[in-house]
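Peer 1: Sequence and predicted structure, then a few things I'm wondering about:
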Number of protein chains: 2
Amino acid sequence: MSRLTLVSRNKMFNGSHERYRHFSERGQCEMTFAVYLPPQVLQGYRVPVLYWLPGLACAGENFPLWSGAARFAAQWGIALVIPDAPVRGAGAADSAGCGLGQGAGFDADALCGLWAAHYQMCRYIENELPALIEAHFPANGQRSIAGHGIGGYGALQTALSYPKRYAAVSAFAPVTDPAKMPWGQKAVAARSGGSPESRAQYGITELVQTAADRLPVLIDQGSADEFYPHILQPQPFVDAARGNGFNVQFNLREGYGHNYDFIATFIDSHIEFHADALGL
Amino acid sequence: MSRLTLVSRNKMFNGSHERYRHFSERGQCEMTFAVYLPPQVLQGYRVPVLYWLPGLACAGENFPLWSGAARFAAQWGIALVIPDAPVRGAGAADSAGCGLGQGAGFDADALCGLWAAHYQMCRYIENELPALIEAHFPANGQRSIAGHGIGGYGALQTALSYPKRYAAVSAFAPVTDPAKMPWGQKAVAARSGGSPESRAQYGITELVQTAADRLPVLIDQGSADEFYPHILQPQPFVDAARGNGFNVQFNLREGYGHNYDFIATFIDSHIEFHADALGL
């Protein structure tokens, strides 16, 4: 297991907002993540962990601050863990890791679908990061997961693929069909040669229709989101999930955009949703 | 009066987070500011305005988000107005406006003391910006003022100079003696030729000792602030204010730094303090 190097530590809501870097076995590159440890940790308790997967262009290290999530994580006693950037392999051309076609590549990790195929992120989120967190921090083994935009896709895909590992999943403005995104089409075409069968493996709507473990789902979508509804089309996913017996809360938020102003407005209800699912 | 150009507008906590630019008469340059309009404004009410003066290296446009202030401004029905950057005259060498000796210069505005001498900011805050705000937005004429770091100095100096215009003043980690700052010493020396008399005009501690109008004061200082206590020394100011009959709440916050993680933790108490002073 790789060593963690502390990058920064700041007191916040009587807890601690910390940033670390480490060498990822999965990505074969340096990765960073942020963690918010609630005051309960400093008091000696083990706490559940909510993983937050940031959007494509959003550095995650400031999520506990910008979203306002730390205030509510402190109240409920939930640790927040946020991988800061997609895994970037040696082939990555873009230090921000957010550009089209600049990720570690299409040949990375077939099992994880498009998101991981593009960034090798899925396996990192599913295995390497939780193992690191649970080895180095006082986590009690309970997990929940959430995300924004393409990170919302990652959260939904991860939770649907490994539902026993997570108490619940929530997302702000999630991508539910990556083939609708310009780089998604490119990536799908590159991987599948255009066949509809191969394409289906990237769709979480298909995944949710056949899932046997039905964890609670919460989705918020802003009606003034610049990517809605031509790229972000949550309704088919929501319908498919409800059709298969999932308990889905879906809120279309009138006038809200695709940004932290939107996330901050509703983050309290997401933290509360996870707290409830975690039995807090 | 200059025209306002809308730069961006995002819905947030049922209110509106907006950014504008305009040509400043005072600075003879383009200025930007951010405003958070609480939901009460959208419902047709006129509301009080809390001016927030950001720290030296802190862009203010994201203050409503990063500090978490918008959540509480929305609850109390207070508009937030944040000038984004120091006034930068034609002589400014630095587009960020934050560097040593790169502001509009020492010869700008003698009445405003060091802060304005460096940036022409004081007159802009005292006159031009409130006039603009009250002409273009449904402000009810009540004002309060707050700031961080050197912006905390600006807030205290402005409030002490014009106490009838503000209900209260609060500050996070304020500079109270700019001569303690490296660029402060340089600026004081350049302006005063080193004489103690000239130097006194920049000191808000001297100002608070003789003030006749005593508005409420709230100051929070983190004990782990990298500038505390060698540059930030609030105690002599607090003592002087209390000695002259001011009601000063001063909180030394154990373990907190000089950053938004600190501000976000205590912003609710500052908004509540201003709400109380504004009679809300």
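Peer 2: Done, it's in. Numbers count the residues shown, from 1 in each chain, chains lettered A, B, ... in the order given.
Peer 1: At the contact with chain B, which residues of the stretch 151-280 of chain A appear?
Peer 2: Contact residues, the stretch 151-280 of chain A versus chain B (CB under 8 Å from any CB of the partner chain): A:Gly222, A:Ala224, A:Gly255, A:Tyr256, A:Gly257, A:Asn259, A:Tyr260, A:Asp261, A:Phe262, A:Ala264, A:Thr265. Using the backbone N, CA and C atoms, a C-beta is placed for each residue, glycine as well.
Peer 1: What residues of the helix ranked longest in chain A count as buried?
Peer 2: Scanning chain A for the longest helix, with DSSP state H as the assignment, gives helix A:260-277. Using 16 or more other CB atoms under 10 Å in any protein chain shown as the test for burial, helix A:260-277 gives A:260-268, A:270-271, A:273-275, A:277.
Peer 1: can you pull out the helices in chain A?
Peer 2: Using DSSP H, helices in chain A cover A:39-42, A:63-66, A:69-76, A:113-119, A:121-123, A:129-136, A:150-161, A:182-192, A:196-200, A:204-210, A:234-243, A:260-277.
Peer 1: any chance of the ones you listed in a markdown table, with mean pLDDT too?
Peer 2: Output for those, formatted as a markdown table (pLDDT from 0 to 100):
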| stretch | mean pLDDT |
| --- | --- |
| helix A:39-42 | 95 |
| helix A:63-66 | 93 |
| helix A:69-76 | 98 |
| helix A:113-119 | 45 |
| helix A:121-123 | 73 |
| helix A:129-136 | 95 |
| helix A:150-161 | 91 |
| helix A:182-192 | 55 |
| helix A:196-200 | 46 |
| helix A:204-210 | 91 |
| helix A:234-243 | 97 |
| helix A:260-277 | 98 |
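Peer 1: Let me have those in a markdown table, adding distance to A:Leu50 as columns.
Peer 2: Formatted as a markdown table, the helices of chain A follow (distance: least, CB to CB, whole Å):
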| stretch | distance to A:Leu50 |
| --- | --- |
| helix A:39-42 | 13 |
| helix A:63-66 | 11 |
| helix A:69-76 | 7 |
| helix A:113-119 | 19 |
| helix A:121-123 | 17 |
| helix A:129-136 | 11 |
| helix A:150-161 | 10 |
| helix A:182-192 | 26 |
| helix A:196-200 | 30 |
| helix A:204-210 | 20 |
| helix A:234-243 | 20 |
| helix A:260-277 | 5 |
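Peer 1: Compare those helices and give me the one nearest B:Arg71.
Peer 2: helix A:260-277 (7.2 Å; CB to CB).
Peer 1: so how far is that closest one from its chain's centroid?
Peer 2: Its chain's average C-alpha position is 14 Å from that of helix A:260-277, according to CA atoms, centre = their mean, to the nearest Å.
Peer 1: how far away is the closest residue to chain B within the stretch 101-250 of chain A from B:Asn14?
Peer 2: Evaluated by CB to the nearest CB, the stretch 101-250 of chain A has A:Ala224 as its residue closest to chain B, separated by 6.8 Å. Using CB to CB, to the nearest Å, A:Ala224 is found at 13 Å from B:Asn14.
Peer 1: just checking, A:Val47 touches A:Gln40?
Peer 2: Yes - taking contacts as CB atoms under 8 Å, A:Val47 lies within contact range of A:Gln40: 5.5 Å.
Peer 1: shared neighbours of the two, anything?
Peer 2: Shared contacts of A:Val47 and A:Gln40 (CB atoms under 8 Å, 6 or more residues apart in numbering or on different chains): A:Gly77.
Peer 1: More neighbours: which of the two?
Peer 2: Legend: neighbour count by other CB atoms under 10 Å in any protein chain shown for A:Val47 and A:Gln40, higher for A:Val47 (23 against 19).
Peer 1: Could you find the closest non-adjacent residue to A:Arg9?
Peer 2: In space, and not counting its chain neighbours, A:Arg9 is closest to A:Glu18: 4.7 Å by CB to CB, 6 or more residues apart in numbering or on different chains.
Peer 1: burial of the residue of the stretch 101-250 of chain A closest to chain B, as a residue count?
Peer 2: Here the count is done by other CB under 10 Å, and A:Ala224 has 15 residues near it.
Peer 1: Residues in contact with the longest helix of chain A: which ones?
Peer 2: A:50, A:58, A:66-69, A:71-73, A:76, A:78, A:144, A:146, A:148, A:167-168, A:170, A:172-173, A:215-216, A:218, A:220, A:222, A:225, A:249, A:251, A:253, A:256, B:10-14, B:17, B:65, B:68, B:70-71.
Peer 1: Now do that helix and helix B:69-76, the angle between them.
Peer 2: On the basis of axes from the mean of the first three to the mean of the last three CA atoms, to 10 degrees, helix A:260-277 is oriented at 80 degrees to helix B:69-76.
Peer 1: how close does A:Leu218 sit to B:Asp261?
Peer 2: A:Leu218 sits 27 Å away from B:Asp261, going by CB to CB.
Peer 1: Surely A:Pro138 is in contact with A:Gln43?
Peer 2: No - A:Pro138 lies out of contact with A:Gln43 (CB under 8 Å); the separation is 10.2 Å.
Peer 1: Of the two, which one has the most company?
Peer 2: A:Pro138 (14 against 10).
Peer 1: residue contacts, that one?
Peer 2: A:Pro138 makes contacts with A:Val41, A:Gly44, A:Tyr45, A:Arg46, A:Val47, as judged by CB under 8 Å, 6+ apart.
Peer 1: okay, which residue is most central for chain A?
Peer 2: A:Leu53 (2.6 Å; CA atoms, centre = their mean).
Peer 1: what about that residue, distance to chain B?
Peer 2: For A:Leu53, the distance to chain B equals 20 Å [CB to the nearest CB, to the nearest Å].
Peer 1: show me the contacts for that residue.
Peer 2: Here A:Leu53 is in contact with A:60, A:82-83, A:121, A:125, A:145-148, A:151-152, A:154-155, A:158 (CB under 8 Å, 6+ apart).
Peer 1: Throw the residues you listed into a markdown table and include neighbour count, thanks.
Peer 2: What follows is the contacts of A:Leu53, written out as a markdown table (neighbours: other CB atoms under 10 Å in any protein chain shown):
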| residue | neighbour count |
| --- | --- |
| A:Gly60 | 25 |
| A:Ile82 | 27 |
| A:Pro83 | 24 |
| A:Met121 | 31 |
| A:Ile125 | 26 |
| A:Ile145 | 30 |
| A:Ala146 | 28 |
| A:Gly147 | 29 |
| A:His148 | 29 |
| A:Gly151 | 31 |
| A:Gly152 | 28 |
| A:Gly154 | 32 |
| A:Ala155 | 27 |
| A:Thr158 | 26 |
